[in-house]
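**Student:** predicted model and sequence follow; I will ask about them next.
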Amino acid sequence: MASFTSAGSRMTLRVQVGVKANGSPDLRSMTLRGVDAAASADAVHATALALGALLDPPVTEVRKTDDDLVAA
């Protein structure tokens, strides 16, 4: 039977660094690697809030991505 093995997790913060000429937000991504795969949504959110307080551009989106290997 196949199973998943964690290959790592990362958290990506999308920040608004300005506004484009057409009026849409100009967004950039900041990725932090080595996030605990078992981290809860509350823990990721709290971390994003703490990091966002240190950043000048506002955080518009937080994403946690888990990578898994399939082992047979």
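**Tutor:** All right, it came through fine. Given the structure is predicted, the values throughout are model-derived calculations rather than measurements.
**Student:** from residue 22, how far off is residue 42?
**Tutor:** 36 Å (C-beta to C-beta, to the nearest Å). C-betas here are computed from N, CA, C, even on glycine.
**Student:** what about the residue nearest the centre of the chain, helix or strand, and which?
**Tutor:** In the chain, the centroid-proximal residue (C-alpha atoms, centre = their mean) is residue 12; its distance is 2.2 Å. Element membership of residue 12 [criterion: DSSP states H and E] is strand 3-19.
**Student:** cool, and residue 67?
**Tutor:** strand 59-71.
**Student:** mean confidence score for that strand?
**Tutor:** Per-residue pLDDT over strand 59-71 has a mean of 96.
**Student:** just checking, what packs against that strand?
**Tutor:** strand 3-19, helix 41-54 (3 or more C-beta pairs under 8 Å, 6 or more residues apart in numbering; DSSP states H and E).
**Student:** how about that strand as CSV, C-alpha atoms only?
**Tutor:** Provided in CSV are the C-alpha atoms of strand 59-71 (Å, rounded to 0.1, in the frame of the first residue of the first chain):
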residue,chain,number,x,y,z
VAL,A,59,0.0,41.2,3.6
THR,A,60,-2.9,40.4,1.4
GLU,A,61,-2.8,36.6,1.3
VAL,A,62,-1.2,33.8,3.4
ARG,A,63,-0.7,30.3,1.9
LYS,A,64,0.8,27.1,3.4
THR,A,65,2.0,24.5,1.0
ASP,A,66,2.9,21.0,2.0
ASP,A,67,5.0,18.8,-0.3
ASP,A,68,4.6,15.0,0.1
LEU,A,69,6.5,12.1,-1.5
VAL,A,70,4.5,9.0,-2.4
ALA,A,71,6.2,5.9,-1.1
